[in-house]
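> let's see this in three dimensions:
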Amino acid sequence: MQKALIGKKIGMTQIFDEKGKVVPVTVVEAGPCVVSQVKTVETDGYTAIQMGFGDIKPKHVTKPLQGHFKKADVAPKRILKEFRFDDCSAYELGQVIKADLFAAGDKVDVTGKSKGKGYAGVIKRWNFARLKESHGTGPNARHGGSMGACSSPSRVWKGKKMAGHLGAEKVTVQNLAVVKIDAEDNLIAIKGAIPGANGGYVVIKDSVKA
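Numbering: from 1, shown residues only. Sure, this is the predicted structure:
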């Protein structure tokens, strides 16, 4: 059975394992999620499930989405995600999925939106080294350096590492271990750090490398 959950990042803390060692963990409020649509090969050409997370008032949902939720007979949800599974027979329309879908020891991939850092220079964005700050270098120790020769290629190559927008993009951290599950409060403690700021939405899926 392929597994996935939508959650909200709470923050980082540390817990002790059975050997008394400190384990750094990120706590995620994973679920309850509800299956709002089940796609099949006959109706959609492929198999997938659509999952919703986070309550929202109906007046804040567009009319097409209101009809979509009404058809599925589920309450409106703030976040909708689709997961393409090879076999969706284990999921039913309207099914509520909680944090106990996963268990301690599972390996997961976590996807989220990284923190936005605004406009950043090449040192912060690409880990460039600084120029020497003596012997005529001038006030440009943190500049990107030469853009290229003037006669050939007479332009800047596409994809050249330069200053620009950093962060606020989709990031996946793979092969993280689930340390602890709190089924009562729908909390999952995942070893290590995951993308995004506290309060951001993340997707937890089975690890593709496990």
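> quick one: the strands in the protein?
Along the chain, counting by DSSP state E, strands occupy 4-16, 22-30, 33-39, 48-55, 77-83, 96-97, 107-113, 118-120, 164-166, 170-182, 187-191, 201-206.
> relative to strand 77-83, how tilted is the last one?
Right, the one you point to is strand 201-206. Relative orientation of strand 201-206 and strand 77-83, computed by axes from the mean of the first three to the mean of the last three CA atoms, to 10 degrees: 30 degrees.
> turn the strands of the chain into CSV, including distance to Ser151, mean pLDDT and mean neighbour count.
In this view, the C-beta of every residue, glycine as well, is placed from N, C-alpha and C. Formatted as CSV, the strands of the chain follow (distance: least, CB to CB, whole Å; pLDDT from 0 to 100; neighbours: other CB atoms under 10 Å):
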stretch, distance to Ser151, mean pLDDT, mean neighbour count
strand 4-16, 51, 95, 17
strand 22-30, 52, 95, 20
strand 33-39, 56, 93, 21
strand 48-55, 54, 93, 20
strand 77-83, 51, 94, 17
strand 96-97, 62, 92, 16
strand 107-113, 43, 96, 20
strand 118-120, 31, 97, 11
strand 164-166, 27, 96, 13
strand 170-182, 40, 95, 16
strand 187-191, 54, 96, 22
strand 201-206, 49, 95, 21
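> format those as a markdown table; extra columns: distance to His135.
As requested, these are exported to a markdown table (distance: least, CB to CB, whole Å):
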| stretch | distance to His135 |
| --- | --- |
| strand 4-16 | 45 |
| strand 22-30 | 44 |
| strand 33-39 | 61 |
| strand 48-55 | 58 |
| strand 77-83 | 56 |
| strand 96-97 | 64 |
| strand 107-113 | 44 |
| strand 118-120 | 28 |
| strand 164-166 | 30 |
| strand 170-182 | 40 |
| strand 187-191 | 48 |
| strand 201-206 | 49 |
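> nearest to Thr62, out of the ones you listed?
Checking the strands of the chain against Thr62 by CB to CB gives strand 77-83 as the closest, at 11.8 Å.
> mind listing the strands the closest one pairs with, and their directions?
strand 48-55 (antiparallel) (DSSP bridges).
> may I have the partner strand as CSV, with CA atoms only?
The C-alpha trace of strand 48-55 is given here as CSV (Å, rounded to 0.1, in the frame of the first residue of the first chain):
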residue,chain,number,x,y,z
ALA,A,48,-4.8,8.6,-8.2
ILE,A,49,-6.4,9.9,-5.1
GLN,A,50,-7.1,13.5,-4.1
MET,A,51,-6.6,14.4,-0.5
GLY,A,52,-7.7,17.5,1.5
PHE,A,53,-6.3,18.9,4.7
GLY,A,54,-7.2,21.9,6.9
ASP,A,55,-10.7,23.1,7.6
